[in-house]
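**Student:** sequence below, structure please.
(2 chains)
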Amino acid sequence: MPIESVNDFVIRFANVNGSGSASANLLFARSVMRMGVPIAPRNIFPSNIQGLPTWYEVRVTEAGHLGARGGLDMMVAMNPQTWDKDIASIDPGGYLFYDSSRPIPPSKFRDDIVVLGMPLTDIVNRTYTDPRQRQLFKNIIYVGALAALLDIAIEEVEKLIGEQFKGKDKLIAPNLKALHIGYDYARDHFACPIGLRVRRADKIGDRIFVEGNAAAGLGAVYGGATVCAWYPITPSTSLAEAFETYCKRLRVDPETAEKRYAIVQAEDELASIGMVVGAAWNGARAFTATSGPGISLMQEFLGLAYFAEIPAVLFDVQRGGPSTGMPTRTQQSDLLIAAYAAHGDTKHVLLFPRDPGEAFEFGALSFDLADRLQTPIFVMLDLDIGMNQHLCPPFQWDDARALDRGKVMTYEELESGRDFGRYLDVDGDGIPFRTYPGTHPTRGSFFTRGSTRDRYARYTEEGAPYVDNMERLLRKFDTAKTLVPPAILARAAKPTRLGVIHYGSTGPSMDEALQILSARGVHVDALRVRGFPFGPEVTDFIAGHDLVFVVEQNRDAQMRTLLMVECGIDPAQLVPVLHFDGTPITARFIAKAIAEKATSIRPPQQREVLS
Amino acid sequence: MTYLAKPKFRHPDIEINELGFSHRDYEGSISTLCAGCGHDSISSAIMRACFELSLPPHRIAKLSGIGCSSKTPTYFLGQSHGFNSVHGRMPSVLTGANLANRELIYLGVSGDGDSASIGFGQFAHAIRRAVNMLYIVENNGVYGLTKGQFSATSDKGSKSKKGIDNPDSPIDLVSIAMQLGATFVARSFSGDKDQLVPLIKAGLEHQGAAFIDVISPCIAFNNHQGSTKSFDYVRAHNAELNTLDFITSQAPIGVDYPEGAAQDVRLHDGSTIRLRKLSADYDVHDRGAAMDHIYRLGRSGEIATGLIFIDDEPSDMHARLGTAKKPLNALADRDIVPGSAALAKINAGLR
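**Tutor:** I've put the predicted structure just below:
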């Protein structure tokens, strides 16, 4: 039986990289959104500029499930290279839309799917002479056909085309023409609409549709970052580029054309973080954007920044590791290298945004935290958040908010004779005062170094001042627990001894999985961790449950390791649920894993409480 | 090294500069380098140059990497902020610092291991980015702190203290800096203060990437027979291109030179360096000819010293980036945080 579903299906486009399909596919996605129906699109793309297979998937979800779903209801198969795999990926009863210009042997099809062939190449060859036009309009033609097949109001697509080519008006008419060629052909040749349909709803509200990297780059602008030093690496490149785009719009003096920012494309990641450290040492807010291989290269500087207590912000847009790994696939596999970056005893502050909304919020917050704590702050994005557009609440900013520059001793304070010791813990929170270079002619200068020194920044190789300093750094890390965004608890409908901890881009799929589980009678309290070091709410949550699943997108259960090590949790109490094939984790996967493990794993025996 | 601190009292007639400082105000901690180390002479020359230019010490940022040379910023300019960073990575830290505050004076101090080996890339990129700085390499051709291994600036055939000949070609940082577009390039010798002090002054005044390679013999590991970086060898093979008189606008030098024997180079602050040419037909403004000249001198075993090249119209990184005149670290919230109204517009564009 063909699948029948309104406002709840997954459609995937199989294309050739570099064929201009991305903008047509986005046009399709946005037209669904204009119908008032939420979407969750995802790019599956190769490490390649032109020629290799690429896919674009759109989950149409009136219920607002924004994680990847898994499964496939309709395939738009435009790439002969991947035909067999694409056909095999369609769920039984699903739909295949393909270019029927060339005959394909019947053995290449399946009889349990609905096949919709349209001679796209023949049509464009008849209609256009320019090869590039044939290529581009072929894409627009299939968007028109899909509008007819899926019952998307054609005027919404027309409006979007008008908006897209505003200012390049002569492109509007040919695009509309192509759109209608497809739309009319489908209406004439197929029974439209098919079983999958888009019906007008009002479920978008004031939400915005944006990539996480763009949101984080904008967050850096609002966080007051003035120096960006970076080295191109997928999937973080678009973050630095977004920062530049927003700076050009928001930070260029309209009269003098002076830029109130500086962006340097460094020679490598070592230089990127070196520049960030130099700039932050000198009182500017500075950041870099990178991915796992870049973090590997930055280790030595991160140790220096930790030990010499220099603010720095790193956006780590995580991809599949180790080594070059899967550069265009998503993972959450940099937690441990970020948390303990560099040799010696180090610990770093991490933030885990869930979506572009939090990428903006934490992006801005990270600069306050870096200045307040005088240490590197990692904003742990991943490819799924960073390089896909997500629906999220609009960005917000409180105009009364001032940037928190942390403990910086001023000329006036120095002049008044206030005692300045660069590594002196005056407030008991482990955070010393610093000065910006050049503040006062005779007071407040100090020597910054990665070697040991005393509270007044004087070089020493003595054991006692070293230990004193290392212990203060731990006190400072304790202070960080009170400053990072707290974990968010979602209680199950019924009291339960089962808990789940998750973080970052797993959030949307986790929310959906909890609903699935609840419907099956499996009740699980969920805690979404948003920062490291962990606050007391995390340890309280674990203590309050017999078994806690830790859902993550890496092989080695890195969050679970952090919880065990930093909170002293019995490993038997923390059950890993791991998804690490490079595709975004799905609700189906999580629900299945938790349902199975919930019945098969016994909680550890309760330890006797000694009192 | 000595461990005796200098007494604090001053001679009543001690020389005072325009800021009312004596040379004592430009000192740092006591050096912990070996007695007789060339690096200490360079530190003295830096202090002398800053004193003579009347630079406020706290407006100088001194940055270094790791190694004997990189330790020296502790031993001069005690009122300056210093940053002893990571091995070979001083150039990036200095670049970042300069991005944050274009008003300070940046002095990068490095060694031949730090700049020609582990940090060769960063050296090159800071130069080609035209970071406004004076970058001094204290070049002794040897790893001192790890006791005597060859560095990348060791000449081919130069003998180590253990009697081994260096089989590899040397890196000449002067030639590299020239090729990468440094707008002020000089080489000097730690033992020639008369040449070094004016070069440091001119380098500090230069508003672009200034580089000085200072041959600085390592008394402990590279001052023996057979070394091409020993005091004796450098003295015997020093091919001075020019000598410099630094002329401030207040105190013009009245010495007359024969026609064609002197060349004036005007500096940013209005002062002038007068070059007395020792090598006929050498033009410090001709990059290509200068590169050719030092290459040919090098082939004949001579060490060209003096001011090698200067561009009177240097550009710097900030000019290239178009950054605000006001230092980025001094911008107020309102200058950098666009506010909620701008954000509402951005939101509207994302629907």
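**Student:** residue nearest the middle of chain A, spatially speaking?
**Tutor:** What sits nearest the mean C-alpha location of chain A, by C-alpha atoms, centre = their mean, is residue A:385, with 2.3 Å.
**Student:** once you drop chain neighbours, what's closest to that one?
**Tutor:** Distances taken as C-beta to C-beta, 6 or more residues apart in numbering or on different chains put residue A:212 closest to residue A:385, at 3.6 Å, once the chain neighbours are dropped. Bear in mind the C-beta positions are built from the backbone N, C-alpha and C, glycine included.
**Student:** residue B:202 too?
**Tutor:** Counting by C-beta to C-beta, 6+ apart, residue B:273 is the residue found nearest to residue B:202 once chain neighbours are left out, at 5.0 Å.
**Student:** neighbours of residue B:117, how many?
**Tutor:** Applying other C-beta atoms under 10 Å in any protein chain shown, we find 18 residues neighbouring residue B:117.
**Student:** next one: phi and psi at the residue nearest to residue A:385?
**Tutor:** phi -60, psi -40 (degrees, to the nearest 10).
**Student:** ok, it to residue A:502 distance?
**Tutor:** To residue A:502, residue A:212 is 17 Å away according to C-beta to C-beta, to the nearest Å.
**Student:** neighbour count: these two, which is higher?
**Tutor:** Set side by side, residue A:212 and residue A:502 show unequal neighbour counts under other C-beta under 10 Å, the larger going to residue A:212 at 35 against 29.
**Student:** residue A:571: neighbour count?
**Tutor:** Each residue near residue A:571 was counted by other C-beta under 10 Å, and the total is 13.
**Student:** quick one: it from chain B, how far?
**Tutor:** 37 Å (C-beta to the nearest C-beta, to the nearest Å).
**Student:** tell me the secondary structure at residue A:448.
**Tutor:** Using DSSP: H, G, I helix; E, B strand; the rest coil as the criterion, the local structure at residue A:448 reads strand.
**Student:** burial of the closest residue to residue A:84 other than its chain neighbours, as a residue count?
**Tutor:** Here the nearest residue to residue A:84 in space, its sequence neighbours aside, is residue A:108; by C-beta to C-beta, 6+ apart that works out to 7.3 Å. Neighbours of residue A:108 under the rule other C-beta under 10 Å: 10.
**Student:** contact partners for residue A:108?
**Tutor:** For residue A:108, the contact set (C-beta atoms under 8 Å, 6 or more residues apart in numbering or on different chains) comprises A:83, A:84, A:87.
**Student:** and the nearest residue to residue B:168 once chain neighbours are set aside, how many residues sit next to it?
**Tutor:** Computed as C-beta to C-beta, 6+ apart, the closest residue to residue B:168 that is not its neighbour in sequence is residue B:156, at 6.4 Å. Residue B:156: 11 surrounding residues under other C-beta under 10 Å.
**Student:** what secondary structure does residue B:156 sit in?
**Tutor:** Following three-state DSSP, the label given to residue B:156 is coil.
**Student:** and residue A:280, what is it in contact with?
**Tutor:** Applying C-beta under 8 Å, 6+ apart, we find residue A:280 in contact with A:227, A:286, A:305, A:310, A:311, A:312, A:370, B:96, B:100.
**Student:** with residue A:594 instead?
**Tutor:** Residue A:594 makes contact with A:498, A:500, A:513, A:517, A:522, A:524, A:549, A:551, A:577, according to C-beta under 8 Å, 6+ apart.
**Student:** if I look at it, how far off is chain B?
**Tutor:** 34 Å.
**Student:** what's the answer for residue A:366, then?
**Tutor:** Going from residue A:366 to chain B by C-beta to the nearest C-beta gives 14 Å.
**Student:** separation between that residue and residue A:252?
**Tutor:** Looking at residue A:366 against residue A:252, where the rule is C-beta to C-beta, the gap reads 24 Å.
**Student:** ok, these two, which is more surrounded?
**Tutor:** A direct count of neighbours by other C-beta under 10 Å for residue A:366 and residue A:252 places residue A:366 higher, at 30 against 16.
**Student:** and the average pLDDT for the helix or strand hosting the more buried one is what?
**Tutor:** Remark: residue A:366 resides in helix A:356-373, with elements defined by DSSP states H and E. Confidence over helix A:356-373, taken as the mean pLDDT, stands at 98.
**Student:** and what of stretch A:408-418?
**Tutor:** With pLDDT averaged residue by residue, stretch A:408-418 scores 97.
**Student:** over to stretch B:334-342?
**Tutor:** For stretch B:334-342, mean pLDDT rounds to 97.
**Student:** quick check: buried residues in that stretch?
**Tutor:** Of the residues in stretch B:334-342, those buried by neighbour count under the rule 16 or more other C-beta atoms under 10 Å in any protein chain shown are B:335, B:336, B:337, B:338, B:340, B:342.
**Student:** cool, stretch A:197-207 as well?
**Tutor:** Residues of stretch A:197-207 classed as buried under the neighbour-count rule (16+ other C-beta under 10 Å) are A:197, A:198, A:203, A:204, A:207.
**Student:** what is the end-to-end distance of that stretch?
**Tutor:** Start-to-end span of stretch A:197-207 (C-alpha to C-alpha, to the nearest Å) is 22 Å.
**Student:** hmm, who's touching that stretch?
**Tutor:** So stretch A:197-207 is in contact with A:5-7, A:32-33, A:35-38, A:60, A:62, A:64, A:150-153, A:391-394, B:347, B:351, going by C-beta under 8 Å, 6+ apart.
**Student:** can you give the distance of it from its chain's centre?
**Tutor:** Between the centre of stretch A:197-207 and the centre of its host chain there is 24 Å, according to C-alpha atoms, centre = their mean, to the nearest Å.
**Student:** kindly report the same for stretch A:248-268.
**Tutor:** In terms of C-alpha atoms, centre = their mean, the gap separating the centre of stretch A:248-268 from the centre of its chain is 25 Å.
**Student:** you'd agree residue A:520 is up against residue A:596?
**Tutor:** No - with the criterion set as C-beta atoms under 8 Å, residue A:520 and residue A:596 do not qualify as a contacting pair; they are 11.5 Å apart.
**Student:** thinking again about what came up before, okay, the contacts of residue A:280 in JSON lines with secondary structure, distance to residue A:137 and neighbour count next?
**Tutor:** As requested, the contacts of residue A:280 are arranged in JSON lines below (DSSP: H, G, I helix; E, B strand; the rest coil; distance: C-beta to C-beta, whole Å; neighbours: other C-beta atoms under 10 Å in any protein chain shown):
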{"residue": "A:227", "secondary structure": "strand", "distance to residue A:137": "44", "neighbour count": "27"}
{"residue": "A:286", "secondary structure": "strand", "distance to residue A:137": "46", "neighbour count": "33"}
{"residue": "A:305", "secondary structure": "helix", "distance to residue A:137": "52", "neighbour count": "30"}
{"residue": "A:310", "secondary structure": "coil", "distance to residue A:137": "54", "neighbour count": "25"}
{"residue": "A:311", "secondary structure": "coil", "distance to residue A:137": "51", "neighbour count": "30"}
{"residue": "A:312", "secondary structure": "strand", "distance to residue A:137": "48", "neighbour count": "30"}
{"residue": "A:370", "secondary structure": "helix", "distance to residue A:137": "49", "neighbour count": "28"}
{"residue": "B:96", "secondary structure": "helix", "distance to residue A:137": "48", "neighbour count": "31"}
{"residue": "B:100", "secondary structure": "helix", "distance to residue A:137": "50", "neighbour count": "27"}
